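Undergrad: I would like the atomic coordinates for the input below:
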Amino acid sequence: MKKIFVALLLMLGMISCGSKSAGNATKEKKLVVGTDGVFPPFGYMENGKVVGFDMDLISEIAKGLGYQVEFKVQPFDGLISSLKAGKLDVIASGMSATEERKQSVDFTDEYFKSKQVYLRKKGNSSINSKESLNGKKVAVQLGTIQEMEAKKIKGAIVVPNETPATIIMDLNAGKNDAVILEDIVALQYVKNNPGIEIFYKENLPAGMAFAFDKGKNPELVKQFNEQLKKLKENGKYDELLKKYGLNY
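TA: Numbers count the residues shown, from 1 in each chain. This next block holds a predicted model:
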């Protein structure tokens, strides 16, 4: 009888161990990724789903690390607050790795470097330089590096808004005198709005990078950088650049 009892205990132990192992095997790792979804081609809405270069790139990185991704769309200026409140694991939203932001977040290596351009209504020759924006209304997307740069322009009246589409619409309507946007984003709007034009272009002080809460995920930041390097080496990164017209 004792032998039967011991055997039963062993069997139960084996079943218990097997169940625990199966549970671990099926438990998925997930990253909650924050983005604004209004910044084509890096992130934008299509058929009710957020898509774009950032979404594809971070999905490839996550896949290489064994993570599933869940995208959460919200206004750009609230992304870092949500990250620090634990509502997001990482930000993928064309965010420039500025020194100011580095006080709050840890950035990965930069994954894209672009320029910014200044737009005006076509033929408005009174606006032809940064200096000519003194006393003028300059529209920017709220919370972006363009807002930071606009505030450095002497005498400029900075008008922030949540979406690039709205500031372009206001420029067309004459509500603003100029708009500052990332060059690749601006080129698409210029193409679709023949009444506006670029009058000035400059390099940005920082490139785009993925952001993690400061000091919370140093190992994951390192792993992201390793995966990004692999994607550049195996050609997948260049493939995504071409897909979204960023290989200019």
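Undergrad: any low-confidence regions in the protein?
TA: Within the chain, the ranges that satisfy pLDDT under 70 run 1-27.
Undergrad: strands along that one, start to end?
TA: Ranges of strands within the chain are 29-35, 38-39, 43-46, 49-51, 67-73, 90-91, 105-107, 115-121, 137-141, 157-161, 178-182, 196-203, 211-213, based on DSSP state E.
Undergrad: gap between the residue most central in space within the chain and L57?
TA: The structure's the chain has its C-alpha centroid closest to S93; by CA atoms, centre = their mean the separation is 1.3 Å. Distance, S93 to L57, using CB to CB, to the nearest Å: 12 Å. The C-beta positions use only the backbone N, C-alpha and C, and glycine is treated the same way.
Undergrad: again with K30
TA: Distance, K30 to L57, using CB to CB: 18 Å.
Undergrad: which one's more surrounded, these two?
TA: Using other CB atoms under 10 Å, the more surrounded residue of K30 and L57 is L57, with 24 against 12.
Undergrad: hmm, the more buried one is touching Y111, no?
TA: Yes: between L57 and Y111 there is a contact under CB atoms under 8 Å: 6.4 Å.
Undergrad: anything in contact with each of these two?
TA: L228, Y237 (CB atoms under 8 Å, 6 or more residues apart in numbering).
Undergrad: can you give me the helices in the protein?
TA: Using DSSP state H, the helices found in the chain span residues 2-26, 53-65, 79-84, 145-150, 164-172, 183-192, 218-233, 236-243.
Undergrad: now the strands of the chain as JSON lines including distance to A150?
TA: Shown next, in JSON lines, are these (distance: least, CB to CB, whole Å):
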{"stretch": "strand 29-35", "distance to A150": "22"}
{"stretch": "strand 38-39", "distance to A150": "17"}
{"stretch": "strand 43-46", "distance to A150": "22"}
{"stretch": "strand 49-51", "distance to A150": "26"}
{"stretch": "strand 67-73", "distance to A150": "25"}
{"stretch": "strand 90-91", "distance to A150": "22"}
{"stretch": "strand 105-107", "distance to A150": "22"}
{"stretch": "strand 115-121", "distance to A150": "10"}
{"stretch": "strand 137-141", "distance to A150": "5"}
{"stretch": "strand 157-161", "distance to A150": "5"}
{"stretch": "strand 178-182", "distance to A150": "6"}
{"stretch": "strand 196-203", "distance to A150": "12"}
{"stretch": "strand 211-213", "distance to A150": "22"}
